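Enquirer: Below: sequence and its predicted model.
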Amino acid sequence: MKKPQTGDASLWQKTQYANLVRYEPSKAYFARIRIGGKLIRRCLKTKVLSVAKLRLGDLEKKEHQLAEHQVAAADGSMKVDDALATYWQRLEGDASIKPRTREYHQQRITALFKSWPELKRTEVRGVTKTDCLNWAARFGKNSSATAFNHTIGILRRILEVGVESGVRYDNPARFIKRLREKPKKPELPECDQFDGFVAEIENGGARDSRNCGALVRFLAYGGFRKTESANITWADCDFAKGKIVVRGDPVTGTKNSEIREVPMIPDMLQLLGRLRAERPDEAPEIPVMRVRECQKAMDRAAKVIGMHRITHHDLRHLFATRCIESGVDIPTVSRWLGHKDGGALAMKVYGHLRDQHSVEMAQKVTFSKARLDKAEGSSNPIPMSR
């Protein structure tokens with residue numbers, strides 16, 4: 001949207017509500033409020049009057065709270081609750097943060113104050129190094145390393161607001177040491193076990209049993225995230241070129257906000273061919289998958305056949321594992337998964353598979369002509385050039 005010309009009054013239309021105006025060129029509603037002598041004009045990101053009215057009320061409340069917190073900081077009497085309000089406003093205003101990330105931050109904030117309830121009403125300058133270390137010792141006993149590290153990171157950023165405001169000199173949370181995060185190795189099914197697992201889902205007897213089985217295969221054969229698979233349509237499946245275009249959610253896109261292409265492995269080609277034959281008249285814009293999730297069906301099937309419980313995301317791990325075990329290099333697998341780090345994350349998670357594959361390949365290398373003659377025609381060893 002083009003930036004509004006704030007100096008031209010003719011472009012702004014008043015409404016029946018105080019502090020609410022509409023910018024005529026775009027028809028978008030704006031808040032126009034004065035707090036502490038400062039005029040604030042901010043887009044409410046809607047053209048619907050009823051929605052704008054609700055957002056205006058929320059904005060006015062936040063701006064008044066922020067003004068109060070700034071006054072408190074100037075007096076040197078900032079409480080942790082005041083610092084939290086400033087931190088959260090920055091988080092909400094950061095367009096680079098995805099909604100799901102913001103939700104996770106909220107979960108960690110809730111966990112922080114649930115485990116340290118008196119912290120909110122404590123003066124920022126009154127929080128000591130000992131307070132932080134004692135809380136960390138308690139909180140770390142019942143938290144995973146990942147949850148612990150994210151929570152102390154948020155505590156540090158909240159207290160840093162006090163440092164920036166000048167109410168204290170240093171950040172006492174910096175003395176808390178992070179825990180070492182050990183990546184969880186998923187218990188993935190072998191090929192025969194996976195076939196039995198999917199067959200049990202498909203024969204579950206529920207209305208969507210076959211659709212659930214198709215989703216499990218789709219995720220495992222393509223390495224998609226659950227949210228991505230829900231938005232793949234027939235138009236995204238290029239049978240001629242043997243690839244699938246992954247666009248993700250129509251609003252938020254894929255996780256990394258980039259469209260990518262995933263090749264159809266033979267199993268995927270067979271699956272999509274069968275589904276297309278069963279539904280030949282479906283329009284190109286119709287999603288390939290008819291269900292978005294099937295965790296209950298997966299849990300039941302795993303229990304019936306006696307295998308470890310797996311999640312939708314574990315099927316993504318299964319895809320990567322099978323690719324690497326089949327000889328596909330990690331940077332290529334990383335690109336298929338949609339990673340943007342050139343394979344660093346995939347190397348960290350699946351590096352042990354690469355090493356195992358490397359050892360197996362090394363057994364085929366020989367300098368001995370006798371061993372070469374003995375194995376010729378069976379294991380196809382790689383002779384060194386003379």
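Expert: All right, it came through fine.

Enquirer: I'd guess residue 324 is in a helix, am I close?
Expert: Yes: read with DSSP: H, G, I helix; E, B strand; the rest coil, residue 324 is one of the residues of a helix.

Enquirer: pretty sure it contacts residue 332?
Expert: No: using CB atoms under 8 Å, residue 324 makes no contact with residue 332, being 9.6 Å away. C-betas here are computed from N, CA, C, even on glycine.

Enquirer: Could you count how many residues lie near residue 121?
Expert: Look at residue 121: counted by other CB atoms under 10 Å, it has 9 neighbours.

Enquirer: Correction: the previous question concerned residue 288.
Expert: Counted by other CB under 10 Å, the residues lying close to residue 288 total 23.

Enquirer: what does residue 261 give?
Expert: 13.

Enquirer: In a strand, it, correct?
Expert: Yes: using three-state DSSP, the assignment for residue 261 is a strand.

Enquirer: ends of stretch 201-213, how far apart?
Expert: 6 Å (CA to CA, to the nearest Å).

Enquirer: can you pull out the strands in this protein?
Expert: Under the criterion DSSP state E, the chain contains strands at 12-14, 20-23, 28-35, 38-43, 237-238, 243-246, 260-263, 365-366, 382-383.

Enquirer: how about those, which one is nearest residue 124?
Expert: Evaluated over those, closeness to residue 124 peaks at strand 28-35, with 22.8 Å, by CB to CB.

Enquirer: And the closest one, how far out from the chain middle?
Expert: Going by CA atoms, centre = their mean, to the nearest Å, the spacing between the C-alpha centre of strand 28-35 and its chain's C-alpha centre is 33 Å.

Enquirer: and that strand, which residues are buried?
Expert: 28, 29, 30, 31, 32, 33 (16 or more other CB atoms under 10 Å).

Enquirer: Return the member of those residues nearest to residue 111.
Expert: Nearest to residue 111 among the buried residues of strand 28-35: residue 31, at 32.5 Å, using CB to CB.

Enquirer: quick revisit: between residue 324 and residue 332, point out the one with more neighbours.
Expert: residue 324 (21 against 14).

Enquirer: Tell me the predicted confidence for that one.
Expert: Here the pLDDT value assigned to residue 324 is 85.

Enquirer: hang on, the earlier thing: what's the closest of the strands of the chain to residue 337?
Expert: Closest among the strands of the chain, using CB to CB: strand 260-263, at 8.5 Å.

Enquirer: Strand partners (parallel or antiparallel) of the closest one?
Expert: Under the criterion DSSP bridges, strand 260-263 sits next to strand 243-246 (antiparallel) in its sheet.
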